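Q: With the input below, show me the fold.
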Amino acid sequence: QVQLVESGGGLVQAGGSLRLSCAASGRTFSNYHMGWFRQAPGKEREFVAAIAWNGGSYDANFVKARFTISRDNAKNTVYLQMNSLKPEDTAVYYCAATVRLGYPRLEEEYDYWGQGTQVTVSS
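A: Numbering: from 1, shown residues only. Okay, the predicted model is just below:
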């Protein structure tokens, strides 16, 4: 089992920045491929970005270099730096973990989930 706890969400004005953190405990963190998803009100949860154990990362098209995912295996933590935030980025952001190889982007490809952290971007 892996336990994931997100933090760093909050209220920010459009154009501002936030850094989300996800602290993992349980199994060896460095074995896991980590992802960020988000769910806006009335919408399905969607993939944001992910990072492999070796630091290789990829993200959704809508990110457009505004968000950066990173990880610190020594601290068992994955981060999502979000810049140039827009009101449409408002959502609950979830951290997820999987042992799958490749480039998992689907919810069903991730085995463990955090409880989420709210990000609200005002116009």
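
Q: The most centrally placed residue in the chain bridge partners, please.
A: Centroid-nearest residue in the chain, with C-alpha atoms, centre = their mean: residue 36, separated by 2.2 Å. Per DSSP bridges, the residues bridged to residue 36 are residue 49, residue 95.

Q: contacting residues for it?
A: Residues near residue 36 by C-beta atoms under 8 Å, 6 or more residues apart in numbering: 20, 22, 48, 49, 50, 69, 78, 80, 93, 94, 95, 96. Placement of C-beta: from N, CA and C, glycine included.

Q: Pick the one among those closest to residue 87.
A: Among those, residue 93 lies closest to residue 87 (C-beta to C-beta), at 15.0 Å.

Q: Going by secondary structure, that closest one is in what exactly?
A: Here residue 93 sits within strand 91-98, counting by DSSP states H and E.

Q: now what about the helix or strand just after that strand, what contacts it?
A: Moving toward the C-terminus from strand 91-98, the next helix or strand (DSSP H and E) is strand 112-113. Residues from elsewhere that reach strand 112-113 (C-beta under 8 Å, 6+ apart): 1, 2, 3, 4, 32, 94, 95, 96, 97, 98.
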